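Peer 1: Sequence below, structure please.
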Amino acid sequence: KNKGLIVNMFLGIDVGSTAIKLGIVNTEGQLISYFNSPYSTKVISDDHIEQDPNDWIKLILKGLTEFKNNNPSCQLSGLSMCSQVNTHIFVDENGEALLPAIFWQDTRAKSEAKEIDSKISDEQKISWWGTPMPIDASHVISRMLWVKKNKPDVWEKTKHVMLPKDYCIFKLSGEVVSDPLSNIGLVDNNLKYIDDLLGLVSGAPAKLPPLKKMTDQVGIIKKELPFNGTKIINGTMDAWIGILGSGGFKNKKNIYLSGTSEILGINSREVIPTPGIIIFPEDENIKLHAGPTQSGGASKLWFCNLFNLTPLEMNKLVENENFNDVAPIFLPHLQGERAPLWNPNLKGIFYGMNSKTNKCNLARSVYEGVSFSAKLILESLEKSSNCINEEINCGGGGFQADIWNQIRANILNKKINRLSIKDPGILGSVGIAGYGSGTFSNIDEAFHEMTNFDKFYEPDQTMKNYYSDLYEIFKNITESNIKIGEKFSKFSRN
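Peer 2: This next block holds a predicted model:
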């Protein structure tokens, strides 16, 4: 192991919604070392959901220490990082958190979001972003207004409002920096902060970090930390990085990531403004159309907790289901819904239960309902990009169950290609590190070398009409849920 130095190794770090993941990967896309450790999310109430940002950096340092102890001769050519976005940390002048991190599922700022959104026309949104993207409760400008109104002392002390990746880069290097794509909704198609939007909350512009390209070197690891001196390449948000790591660098290629939420995307320079879809500014010749749900893997975790099951036990329940029988239809709106509906008031539903409905039926319903919500996004993406494919590249922890992957293939009516490294955020970050550190001459070269697939799932054509009909009912129930959600949300608060 210690015969000379190991070169051309890159470190990818993914600050996820439920866990920190670190991986050392070589230039051929082989995972050499891996670290994964969960942390807690505190649900204070229906609309207050928080994390402790110190958990992220403690676990990153634990992973770096383990890697160094296990590979003392290893030198890294560079590291890059991605993270959950729309999770925000308000920090003081010393970079210390003034509040717990406001998690991306947190909807405390929904009234502020509505207030700000009402001041912006669709014409303005299309001029900024190319699509009428809503300002929602997870938008940083909504959260800034909420803190300013509800915690003025914190707002006064806030030096920067940071994303998880940027907070961790600061702790590793001492540098305050962000990137444009992580700040989707705050930057325009020229990758610059939108002055007219920031001007809606006085004091907001001064509290945002400076922007650098995702492929720029932004610092080095401090001398007192493991792998000191290693180049830190900026990186960007988890969805964009994960889509890139799953083959999204290719034009007109469909990508589907499954973790806490489901995220679908496609790289296409052709843009047809479509409600509910996020259009990222073009960067490195990639123009990404994307849509995130609110609860994908989170629905599975909720079900497992409810029935005291492990994820493997839930898989077994679904494998034993008779798919000739109809299961109830599940709407996975456990924390409202994001794309393409963008409605924080939606509630989860099982529709079609009777006296014979059992735990196995409901487990299958969860898998099918999450897949239907993905199909809802995919249809909007196909309109937005004017592109329909017969297959889709998939990655993430939610794609480790064969039965769920087959259900997705059947519902989407697409061939599924599963990424061999189950953490696309690590692979995407490693590719960015490889390019940003100068090892590869362009992004296409980096990801062409590193992206591999290990399993494939063909849609079962005998299920096509069944799921097509069921999907229409799913959409009908969703329309009714939208009408009822506003009333029920007000009722439940009284």
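
Peer 1: Could you tell me how far stretch 39-47 lies from the centre of the chain?
Peer 2: Relative to the chain's own centre, stretch 39-47 is displaced by 18 Å; criterion: CA atoms, centre = their mean, to the nearest Å.

Peer 1: my bad, should have said stretch 360-369
Peer 2: On the basis of CA atoms, centre = their mean, the separation between the geometric centre of stretch 360-369 and that of its chain is 23 Å.

Peer 1: repeat for stretch 187-200
Peer 2: Taking CA atoms, centre = their mean, one finds stretch 187-200 lying 22 Å from the centre of the chain it belongs to.

Peer 1: Give me the buried positions along it.
Peer 2: Residues of stretch 187-200 classed as buried by neighbour count (16 or more other CB atoms under 10 Å): 187, 188, 189, 191, 193, 194, 197, 198, 200. Backbone N, C-alpha and C define where each C-beta goes, glycine included.

Peer 1: would you turn these into JSON lines with secondary structure and pLDDT?
Peer 2: Written out in JSON lines, the entries for these read as follows (DSSP: H, G, I helix; E, B strand; the rest coil; pLDDT from 0 to 100):
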{"residue": "187", "secondary structure": "strand", "pLDDT": "95"}
{"residue": "188", "secondary structure": "coil", "pLDDT": "94"}
{"residue": "189", "secondary structure": "coil", "pLDDT": "90"}
{"residue": "191", "secondary structure": "coil", "pLDDT": "93"}
{"residue": "193", "secondary structure": "strand", "pLDDT": "97"}
{"residue": "194", "secondary structure": "coil", "pLDDT": "97"}
{"residue": "197", "secondary structure": "helix", "pLDDT": "97"}
{"residue": "198", "secondary structure": "helix", "pLDDT": "97"}
{"residue": "200", "secondary structure": "coil", "pLDDT": "97"}
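
Peer 1: State the pair within those residues that is farthest apart.
Peer 2: Distances among those were taken as CB to CB; the most separated pair is 191 and 200, at 20.3 Å.

Peer 1: Show me the shaky parts of the protein.
Peer 2: By pLDDT under 70, the low-scoring segments of the chain are 1-7, 492-494.

Peer 1: what about the strands in the stretch 301-450 of the chain?
Peer 2: Under the criterion DSSP state E, counting those that start in this stretch, the stretch 301-450 of the chain carries strands at the ranges 329-331, 349-351, 391-395, 415-419.

Peer 1: Next, name the residue at the spatial heart of this structure.
Peer 2: Nearest to the mean C-alpha position of the chain, by CA atoms, centre = their mean, lies residue 239 at 4.3 Å.

Peer 1: tell me the secondary structure for that residue?
Peer 2: When classified by DSSP: H, G, I helix; E, B strand; the rest coil, residue 239 comes out as helix.

Peer 1: my read: residue 57 touches residue 170, true?
Peer 2: No. With contacts defined as CB atoms under 8 Å, residue 57 does not count as touching residue 170, sitting 9.1 Å away.

Peer 1: could you pull out the strands for the stretch 51-200 of the chain?
Peer 2: Under the criterion DSSP E, counting those that start in this stretch, the stretch 51-200 of the chain contains strands at 78-83, 89-91, 101-102, 160-162.

Peer 1: Take these and write them to CSV, including distance to residue 315.
Peer 2: Supplementary listing: the strands of the stretch 51-200 of the chain in CSV, determined by distance: least, CB to CB, whole Å:
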stretch, distance to residue 315
strand 78-83, 27
strand 89-91, 35
strand 101-102, 31
strand 160-162, 37
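
Peer 1: Between residue 57 and residue 170, which is the more surrounded one?
Peer 2: Per other CB atoms under 10 Å, whichever of residue 57 and residue 170 has more neighbours is residue 170, with 21 against 17.

Peer 1: what separates that one from residue 22, distance-wise?
Peer 2: With the distance defined as CB to CB, to the nearest Å, residue 170 ends up 18 Å from residue 22.

Peer 1: Equivalent analysis for residue 434, please.
Peer 2: Residue 434 sits 16 Å away from residue 22, going by CB to CB.

Peer 1: ditto for residue 227
Peer 2: From residue 227 to residue 22 the distance is 11 Å (CB to CB).

Peer 1: possible to save the strands of the stretch 51-200 of the chain as a markdown table with distance to residue 8 and mean neighbour count?
Peer 2: Formatted as a markdown table, these follow (distance: least, CB to CB, whole Å; neighbours: other CB atoms under 10 Å):
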| stretch | distance to residue 8 | mean neighbour count |
| --- | --- | --- |
| strand 78-83 | 10 | 28 |
| strand 89-91 | 34 | 23 |
| strand 101-102 | 34 | 25 |
| strand 160-162 | 31 | 23 |
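
Peer 1: Nearest to residue 441, out of those?
Peer 2: The closest of those to residue 441 is strand 78-83. By CB to CB, the value is 14.7 Å.

Peer 1: Show me what the closest one is packed against.
Peer 2: On a contact count with 3 or more CB pairs under 8 Å, 6 or more residues apart in numbering; DSSP states H and E, strand 78-83 meets strand 9-15, helix 164-173, strand 231-237, helix 238-243, helix 424-436.

Peer 1: Skip the chain neighbours and tell me the closest residue to residue 288.
Peer 2: residue 280 (4.2 Å; CB to CB, 6 or more residues apart in numbering).

Peer 1: Compute the distance between that neighbour and residue 144, please.
Peer 2: Distance of residue 280 to residue 144, given as CB to CB: 22 Å.

Peer 1: What of residue 326?
Peer 2: In this structure, residue 326 and residue 144 are 47 Å apart, going by CB to CB.

Peer 1: Same drill for these two, tell me which one is more crowded.
Peer 2: More neighbours surround residue 144 than the other of residue 326 and residue 144, with 26 against 13 (other CB under 10 Å).

Peer 1: just checking, the residue nearest to the centre of the chain touches residue 260?
Peer 2: No. Using CB under 8 Å, residue 239 makes no contact with residue 260, being 11.4 Å away.

Peer 1: Show me which residues of the lengthiest helix in the chain are buried.
Peer 2: Looking only at the chain and at elements set by DSSP state H, the helix with the highest residue count is helix 464-493. Going by neighbour count (16+ other CB under 10 Å), the buried part of helix 464-493 is 467, 470, 471, 474, 477, 478, 481, 485, 489.
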